[in-house]
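J.: Make a model of this:
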Amino acid sequence: MIICYHRSSSLGTFEMCEMKYFFQYVLGMKDKTNKKAVLGTVFHRVMQVLADKKIAQLNKKKKLVNDDIQNLTFAECDDVDYVTHLCFEYYKKHEDDVNLTPKDLQTCIGWVHKALAYNEGSLDPRNQNVHATELFFDIEIKKPWAKYEYFVGDKEFSGYLSIKGTIDLIIKEDESYYQVLDYKSGKRLNWATGKEKTYEDLCSDKQLLLYFYALKNMYPDHDFYTSIYYVNDGGIFDIVFSDDDYDKAENMLKEKFEKIRSINLPRQLSQDQSHWKCTKLCKFSENFGNSEKTTCQHFHDMIRLSGMDEVVSTHADLNKIGKYGAGGGRLEDAQKP
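T.: Take a look at the predicted model:
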């Protein structure tokens, strides 16, 4: 199976269902939009606006320039209900396949107030020395094991495995020590297994290890600790990774790369797509055209009968192979410590 990069969501998708990974990250097909995910995005965007306000103040600007929502004065930024309403309306307009309601807006407002009040405002970005918001990274791992070469029809894809992602917030503690803060509005679960994540699980969490690996490549002379804040399920958890964890992270990335690349027939979460994650969360559980088969089963049968190379060459969007896909991130806000 073609694999050009890792991101936290691709690793999670692969762990849950290999066929879903194949649809999204090999063929480039878009899955259905989940309402809870959209509400989580609204929440993230509000926290980003508040952090951007702090960066603007540190840079001695007089207002916040925001290309997507609208330009805001600092006073408007402090009206968090107003900011939440703006962000909500923005995503309501751009995610028109999801029916967002006034009740959903109130849910987002509640999450924002809860986050800003947590531990006497210690997680309010306006109270922090903010270094960067929505920091996007795209890093090639230029080691022999990470090299790949694929041919789809007469087109060649070659290079080195890269890691991609977007870090919610980086806070400068001092000249060489930084806090990485990741917001979670959902449950503290491993979505592949359905089990609650313990602190020990978070210390080996693939997303957090990927972030640590990326940051040590971007800022090798600086130290970081990671905080993951579950707004609605457990509060904040602080994880301090060591130099040994860098090798642990790279070994994890290598193992996943080799495993994904070796697959010729992706595993289905459910052979008849009856699992609730199929019926509720996956577009590919719907029937394929006028067929009695689901899209998942139709393509799984095609791979089994014709081989993956044939299916990829016929159905993949070649312009999306190796591309990041949906995700945030703005390079211009990232400044080296």
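J.: burial measure for Tyr160, as a count.
T.: 16 (other CB atoms under 10 Å). Where you see a C-beta, it was placed from the backbone N, CA and C, and this is true even at glycine.
J.: give me the beta-bridge partners of it?
T.: Lys147 (DSSP bridges).
J.: measure it to Ala214 for me?
T.: 15 Å (CB to CB, to the nearest Å).
J.: count of neighbours near Cys296?
T.: 27.
J.: residues in contact with the closest residue to it other than its chain neighbours?
T.: Distances taken as CB to CB, 6 or more residues apart in numbering place Phe284 nearest to Cys296, at 4.5 Å, with adjacent residues excluded. The neighbours of Phe284, taking CB atoms under 8 Å, 6 or more residues apart in numbering as the test, are Met19, Lys20, Phe23, Met29, Asp31, Gln273, Cys278, Thr294, Thr295, Cys296, Phe299.
J.: try it again with 6 Å
T.: Taking CB atoms under 6 Å, 6 or more residues apart in numbering as the contact definition, Phe284 lies against Phe23, Thr295, Cys296.
J.: where does Tyr225 land in three-state SS?
T.: At Tyr225 the chain is in strand, as set by DSSP: H, G, I helix; E, B strand; the rest coil.
J.: which residues does it bridge with?
T.: Gln179.
J.: That one - how many residues pack around it?
T.: 15.
J.: same thing with the one 10 residues further on?
T.: Per other CB under 10 Å, the neighbour tally for Gly235 reads 13.
J.: next one: Asn319
T.: Neighbour number of Asn319 under other CB under 10 Å is 8.
J.: what pLDDT does it get?
T.: pLDDT for Asn319: 90.
J.: Can you pull the poorly scored residue ranges out of the protein?
T.: Applying pLDDT under 70 to the chain flags residues 67, 325-337.
J.: Mind jotting down where the strands sit in it?
T.: For the chain, the strands defined by DSSP state E cover 5-6, 63-64, 72-73, 130-140, 147-152, 155-160, 162-174, 177-184, 223-230, 235-239.
J.: which stretch among those comes nearest Lys195?
T.: strand 223-230 (14.8 Å; CB to CB).
J.: how big is the angle separating the closest one from strand 162-174?
T.: Angle of strand 223-230 versus strand 162-174, following axes from the mean of the first three to the mean of the last three CA atoms, to 10 degrees, is 100 degrees.
J.: in strand 223-230, what counts as buried?
T.: By 16 or more other CB atoms under 10 Å, the buried positions in strand 223-230 come out as Asp223, Phe224, Thr226, Ser227, Ile228, Tyr229, Tyr230.
J.: Could I get those in a markdown table, plus columns for distance to Trp191?
T.: Formatted as a markdown table, the buried residues of strand 223-230 follow (distance: CB to CB, whole Å):
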| residue | distance to Trp191 |
| --- | --- |
| Asp223 | 30 |
| Phe224 | 25 |
| Thr226 | 20 |
| Ser227 | 21 |
| Ile228 | 15 |
| Tyr229 | 18 |
| Tyr230 | 14 |
